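Engineer: predicted structure and sequence below. I'll ask about it afterward.
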Amino acid sequence: MTSVIASARFSVLDRSRIREGHSPEEALRDTVALAREAEALGYHRFWVSEHHGVPGVAGSAPTVLAAAVAAATETIRVGTGGVMLPNHRPLVVAEQFGVLESLFPGRIDMGLGRSVGFTDGVRKALGRGKDDADDFAGQLRELLDFFRGTSPTGVHARPAEGLAVPPFVLAMGEGATIAAEAGLPMVIGDLGNREKMLRGVEHYRARFRPSPWAVEPYVVISGTVAVAATPEEARRLLVPEAWSMAYSRTHGTFPPLPPAERVEALTLTERERGFYESGLTGQIAGTEEQVAHELETVLKETGAQEVLVTTSTYDRAGLVDSYRRLASIVSG
């Protein structure tokens, strides 16, 4: 293990992906079980996500799922990656995280994103439109005011008021600017476009303003990391998610994860093949030695303090083994 890897924190984001032939209920239980594994392996955080109306994702209520994860674990930090703030009223979000922090003090993180529902139907069901993401900075300010007890509405968010729940901004698009100007830690993805990610990190650090939440910039880089005994086995862990992404780009819906062998037997169109191959590149995958080298490179390039691993695959045993192998790299 290199010093740059040893100095970084490693955490897990699980999207509760549904496997082909399995139920959403199983996916949620798998998430809780994975959280226990992550805690035993020494990971720093375990986060869950928010998706609505997606056939391949069971994680639709992140604060509810975070409560289940926190109740099933003892020491690992638990949070959201993230709650999509435009979908909710800031007062309700403050109250939910206030309850979580009250029940599990010192263990809750509040990861916040600015996406709205993926389709017109989902946005309508949520009572939201595409433009609702435009005032994310204002919604974020309103949310943080509830925790500080400084809301101009005069409303007090109980039990959130006065509690210190660390907020993080998922930096999609202009999210880096919003995180920097609010003085908040930033989570940034896109390992497949390293140049774009580096620009986002540099922009965030240049614009950062110290705040009560963070006195200096804090960068979390997020992406897929797959570790296996051979490069070929690691690549096969990426196959189900790469195919599902390709399918969503060509059919407009994100399906459950299929077994890798079924994907490899498919005849893909040229367009599907292009998206599929793209999904297999830009990830960090390989043996322990190969992954350690890649992690060292990206950590040196970005100066990130933390890596949030977001790997999804059909093979649950392979996924757990990957996290075990990654933990062995981190622990040296």
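Structural biologist: Nice, I can see it.
Engineer: do a quick rundown of the helices in the stretch 101-250 of the chain.
Structural biologist: Ranges of helices within the stretch 101-250 of the chain are 120-126, 136-148, 175-182, 194-207, 231-251, based on DSSP state H, counting those that start in this stretch.
Engineer: flag the shaky bits of this structure, pLDDT-wise.
Structural biologist: Residue ranges of the chain with pLDDT under 70: 1-2, 117-120, 129-134, 173.
Engineer: and residue 321, what does it touch?
Structural biologist: 227-228 (Cβ atoms under 8 Å, 6 or more residues apart in numbering). The C-beta positions use only the backbone N, C-alpha and C, and glycine is treated the same way.
Engineer: please identify the most buried of the helices of the stretch 101-250 of the chain.
Structural biologist: Highest mean neighbour count among those (mean count of other Cβ atoms under 10 Å): helix 175-182, with a mean of 21.
Engineer: for it, packing partners?
Structural biologist: Identification of packing neighbours for helix 175-182 by 3 or more Cβ pairs under 8 Å, 6 or more residues apart in numbering; DSSP states H and E yields helix 136-148, strand 167-170, strand 186-188, helix 194-207.
Engineer: can you rerun that using 10 Å?
Structural biologist: The contact analysis (3 or more Cβ pairs under 10 Å, 6 or more residues apart in numbering; DSSP states H and E) places helix 175-182 against strand 108-113, helix 136-148, strand 167-170, strand 186-188, helix 194-207.
Engineer: could you check the angle strand 108-113 makes with the second one?
Structural biologist: I take that to be helix 136-148. Put simply, helix 136-148 runs at 160 degrees to strand 108-113, going by axes from the mean of the first three to the mean of the last three Cα atoms, to 10 degrees.
Engineer: export the helices of the stretch 101-250 of the chain as TSV, with columns for distance to residue 12.
Structural biologist: Shown next, in TSV, are the helices of the stretch 101-250 of the chain (distance: least, Cβ to Cβ, whole Å):
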stretch	distance to residue 12
helix 120-126	26
helix 136-148	24
helix 175-182	21
helix 194-207	19
helix 231-251	15
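Engineer: switch the helices and strands packed on helix 175-182 over to JSON lines; also include distance to residue 80.
Structural biologist: As requested, those are exported to JSON lines (distance: least, Cβ to Cβ, whole Å):
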{"stretch": "strand 108-113", "distance to residue 80": "5"}
{"stretch": "helix 136-148", "distance to residue 80": "13"}
{"stretch": "strand 167-170", "distance to residue 80": "9"}
{"stretch": "strand 186-188", "distance to residue 80": "11"}
{"stretch": "helix 194-207", "distance to residue 80": "20"}
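Engineer: so which of the helices of the stretch 101-250 of the chain is nearest residue 20?
Structural biologist: Between residue 20 and the helices of the stretch 101-250 of the chain, the tightest spacing by Cβ to Cβ is seen for helix 231-251, at 8.3 Å.
Engineer: residue 41 touches residue 330, doesn't it?
Structural biologist: Yes - under the criterion of Cβ atoms under 10 Å, residue 41 makes contact with residue 330 at 8.8 Å.
Engineer: list the buried residues of the helix or strand where residue 35 lies.
Structural biologist: Taking DSSP states H and E as the criterion, residue 35 maps to helix 24-41. Neighbour counts over helix 24-41 (16 or more other Cβ atoms under 10 Å) mark 24, 27-28, 30-32, 34-35, 37-39, 41 as buried.
Engineer: dump these to CSV, plus distance to residue 189.
Structural biologist: CSV is the format used below for the buried residues of helix 24-41 (distance: Cβ to Cβ, whole Å):
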residue, distance to residue 189
24, 24
27, 21
28, 23
30, 22
31, 19
32, 24
34, 19
35, 21
37, 23
38, 19
39, 23
41, 22
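Engineer: name the nearest of those relative to residue 227.
Structural biologist: Comparing those against residue 227 with Cβ to Cβ places residue 41 closest, at 12.2 Å.
Engineer: quick check: that closest one vs residue 328, distance?
Structural biologist: 9 Å (Cβ to Cβ, to the nearest Å).
Engineer: ok, now residue 74?
Structural biologist: Applying Cβ to Cβ, the value for residue 74 to residue 328 is 22 Å.
Engineer: do the same with residue 250
Structural biologist: Taken as Cβ to Cβ, the span from residue 250 to residue 328 is 38 Å.
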